[in-house]
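Asks: structure, please.
(chains A and B)
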Protein chains: 2
Amino acid sequence: MDKKPIGIFDSGVGGLTVFKEIRKRFPYEDIIYFGDTARVPYGPKSRNTVIEYSIQNARFLIQQGAKIIVIACNTSSATAITQLQKLLPIPVLGVIEPGALSAIRVTGNKRIGVIGTEGTIRSKAYSSAISKLDENCNVFSKPCPLFVSLAEEGWEDHEVTKLTIKEYLTSLLQNDIDTLVLGCTHYPILKSAIQQFVGNKITLVDSAEAVTDKLDEILPNRETKEIGKDNFYVSDNEAKFKQIASKILDMEIEKLIKVKLGEGWFLK
Amino acid sequence: MDKKPIGIFDSGVGGLTVFKEIRKRFPYEDIIYFGDTARVPYGPKSRNTVIEYSIQNARFLIQQGAKIIVIACNTSSATAITQLQKLLPIPVLGVIEPGALSAIRVTGNKRIGVIGTEGTIRSKAYSSAISKLDENCNVFSKPCPLFVSLAEEGWEDHEVTKLTIKEYLTSLLQNDIDTLVLGCTHYPILKSAIQQFVGNKITLVDSAEAVTDKLDEILPNRETKEIGKDNFYVSDNEAKFKQIASKILDMEIEKLIKVKLGEGWFLK
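Replies: Predicted structure coming up:
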């Protein structure tokens, strides 16, 4: 029986959609969440910078005792997972492969759309993960950088969001896709507005659910039936994190610790 | 005659609106520009983090030989200027006081609107700078966080931008303002869309022009008539910086140096 916590990191608050799913499915596990709110967003950053930050985040979680790392951030999963798996002494799960597997299971016509940040789409991580699983699948991608800001602004039902969805997705829909991967942890916040635009014939794949399924496969059952503890850490701006977190989680985060940058938990 | 360059820093690419104005007005000066593209945006970050990053940026410019620092970033000017002026051995100019002075000169009815990032508006820096200059002025503020993403997306004429402007500015206009300060270096990119919405009876104040006027007052005339050199540095993603820069500057940046984070130019 391993009493150590599950470690989750994200570039910011969006990864709480992954935390929420994992918490629901694993009520007896302890969980540590780190949101790198000082350096969010990762989407527009270069490959090397995303790798560097991801390593620092993972090492922090390991210092806090994590037994497994879940990279909730799609950009980081797409860019840094191989390096993290090589470097770290514990298992590392990303959201890309589970998301790709989900999409393969869901699609009927083998035409899959993927939306994400510039970094995620540029990396072609979803396309290659999907092709590896089924080389007959066609993948159509579109970066949607404004979705993160709209989700953070709390405009999930706003006319501006609807218009932005239309702008980004109209051309994607012309490819006759039947499945759309929400390839960014912020996007589930806009899920109902996106579903409304694409219609009910297109199934949305939420990588939060997909990565939790994967975790379920590899994590041994916990013997204790004590309710698991949550520990939340950020690198900046606790107030804003708490505010958006309460919307995503439908509960208030009471204890939130700000980690001071540069105090020994960075990769040297 | 001081051959040292003028140093300008910003959280990213938006400060090039300030660079452009300074370059136009001081053709014989050398200029160094640093855009902290790895850590953009500063607007949602906490006060301490913005101060820390601003000090690091300024020290980098001094290491490159700057004789004066212009903080092109409004969030950084609003938050960190006092610390920088205390700490640094050279003059430091921010955009807030010059912008406030411009607004005072322009307004007829003494009712001034200010828009900016969350950090800038939360700091109340414009309100206090304006009140210090004329205590009878009324200031009405509104944070417009999405404007930065819209400018960076290149959607300056897009319907989404028009709708977002309407959403943010409608309530502000009910205060009968005759002057509106664009309190973020990204906002001049959306200037014509904003002017179109607010109408011609409201004068927009662009802090790029205001800070350049101030620089003109304190900088001695350069004797040499040799055309000044430009040096551009970023902390990440050169390609994206170049792409947006070419739109703002109407010219290509050929030489752009990426500064590796953590290599001695950080505050210890």
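
Asks: what domains does the record give for chain A?
Replies: Residue ranges for the domains of chain A, per automatic domain parsing: A:6-94+A:210-258, A:96-207.

Asks: could you measure from residue A:257 over to chain B?
Replies: According to CB to the nearest CB, to the nearest Å, residue A:257 stands 14 Å off from chain B. For the C-beta atoms, the positions are set from N, CA and C on the backbone; glycine is no exception.

Asks: closest residue of chain A to chain B?
Replies: Among the residues of chain A, residue A:149 lies closest to chain B, at 4.2 Å counting by CB to the nearest CB.

Asks: now do the SS call for that residue.
Replies: helix (DSSP: H, G, I helix; E, B strand; the rest coil).

Asks: if we can go back for a sec, quick one: the domains of chain A as CSV, columns for mean pLDDT too.
Replies: Shown next, in CSV, are the domains of chain A (pLDDT from 0 to 100):
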stretch, mean pLDDT
domain A:6-94+A:210-258, 93
domain A:96-207, 95
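
Asks: can you redo the ones you listed as TSV with mean neighbour count?
Replies: Formatted as TSV, the domains of chain A follow (neighbours: other CB atoms under 10 Å in any protein chain shown):
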stretch	mean neighbour count
domain A:6-94+A:210-258	20
domain A:96-207	20
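
Asks: can I get those in TSV with distance to residue B:17?
Replies: Shown next, in TSV, are these (distance: least, CB to CB, whole Å):
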stretch	distance to residue B:17
domain A:6-94+A:210-258	19
domain A:96-207	20
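
Asks: mind checking how far the residue nearest to residue A:180 when sequence neighbours are not counted is from residue B:215?
Replies: Leaving out its chain neighbours, the residue that sits closest to residue A:180 by CB to CB, 6 or more residues apart in numbering or on different chains is residue A:113, at 4.3 Å. The gap separating residue A:113 from residue B:215 is 50 Å, by CB to CB, to the nearest Å.

Asks: same question, residue A:251
Replies: Residue A:251 is 51 Å from residue B:215, by CB to CB.

Asks: what's the answer for residue A:232, then?
Replies: Counting by CB to CB, the gap from residue A:232 to residue B:215 is 45 Å.

Asks: swap in residue A:213?
Replies: Residue A:213 is 59 Å from residue B:215, by CB to CB.

Asks: which SSE is immediately downstream of the one helix or strand residue A:233 maps to?
Replies: For residue A:233, the element it lies in under DSSP states H and E is strand A:230-234. For strand A:230-234, the succeeding helix or strand toward the C-terminus, using DSSP H and E, is helix A:238-249.

Asks: by contact count, what packs against that next one?
Replies: helix A:16-25, strand A:230-234, strand A:256-258 (3 or more CB pairs under 8 Å, 6 or more residues apart in numbering or on different chains; DSSP states H and E).

Asks: export the ones you listed to a markdown table and tack on distance to residue A:159?
Replies: Converted to a markdown table, the helices and strands packed on helix A:238-249 look like this (distance: least, CB to CB, whole Å):
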| stretch | distance to residue A:159 |
| --- | --- |
| helix A:16-25 | 24 |
| strand A:230-234 | 31 |
| strand A:256-258 | 33 |
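
Asks: what sits against the residue nearest to residue A:159 when sequence neighbours are not counted?
Replies: Nearest non-adjacent residue to residue A:159, counting by CB to CB, 6+ apart: residue B:163, 6.0 Å away. Residues counted as contacts of residue B:163 (CB atoms under 8 Å, 6 or more residues apart in numbering or on different chains) are A:159, A:160, A:163.

Asks: go on, residue A:28?
Replies: Residue A:28 makes contacts with A:222, A:224, A:225, A:226, A:227, A:228, as judged by CB under 8 Å, 6+ apart.

Asks: check the residues you listed one by one and keep those near chain B.
Replies: Residues of the contacts of residue A:28 in contact with chain B (CB under 8 Å from any CB of the partner chain): none.

Asks: what's in contact with stretch A:225-235?
Replies: A:5, A:23, A:26-39, A:60, A:64, A:241, A:245, A:253, A:255-259, A:261.

Asks: and chain A, which residues reach chain B?
Replies: Checking chain A against chain B by CB under 8 Å from any CB, the hits are A:37-39, A:44-46, A:49, A:52, A:118, A:145-146, A:148-150, A:152-153, A:158-160, A:163-164, A:167, A:236-238, A:240, A:261-262, A:266.

Asks: could you pull out the strands for the stretch 51-200 of chain A?
Replies: Ranges of strands within the stretch 51-200 of chain A are A:68-71, A:92-93, A:111-116, A:138-143, A:179-183, based on DSSP state E, counting those that start in this stretch.

Asks: pull the distance from the first one to the chain's centre.
Replies: Taking CA atoms, centre = their mean, to the nearest Å, one finds strand A:68-71 lying 11 Å from the centre of the chain it belongs to.

Asks: within the sheet, what are the partner strands of that strand, with directions?
Replies: Within its sheet, strand A:68-71 is paired with strand A:6-10 (parallel), strand A:92-93 (parallel), according to DSSP bridges.

Asks: CSV please, covering those and showing distance to residue A:107.
Replies: Shown next, in CSV, are the strands paired with strand A:68-71 (distance: least, CB to CB, whole Å):
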stretch, distance to residue A:107
strand A:6-10, 27
strand A:92-93, 22
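
Asks: please name whichever of these is nearest to residue B:109.
Replies: Minimum separation from residue B:109 across the strands paired with strand A:68-71 (CB to CB) falls at strand A:6-10, 47.3 Å.

Asks: run through who's touching that closest one.
Replies: Defining contact as CB under 8 Å, 6+ apart, one finds that strand A:6-10 is touched by A:15-16, A:18-19, A:22, A:26, A:29-36, A:54, A:57-58, A:60-62, A:64, A:66-73, A:76, A:185, A:215, A:219.

Asks: distance of the nearest residue to residue A:222 once chain neighbours are set aside from residue A:19?
Replies: With CB to CB, 6+ apart as the criterion, residue A:222 has its nearest non-adjacent residue at 4.5 Å, and that residue is residue A:28. According to CB to CB, residue A:28 stands 15 Å off from residue A:19.

Asks: residue A:197: which of the strands of the stretch 51-200 of chain A is closest?
Replies: Nearest to residue A:197 among those is strand A:179-183; the distance by CB to CB comes to 10.3 Å.

Asks: how far does that closest one sit from its chain's centre?
Replies: Put simply, strand A:179-183 sits 12 Å off its chain's centre (CA atoms, centre = their mean).

Asks: tell me the angle it makes with strand A:111-116.
Replies: Here strand A:179-183 points in a direction 20 degrees away from that of strand A:111-116 (axes from the mean of the first three to the mean of the last three CA atoms, to 10 degrees).
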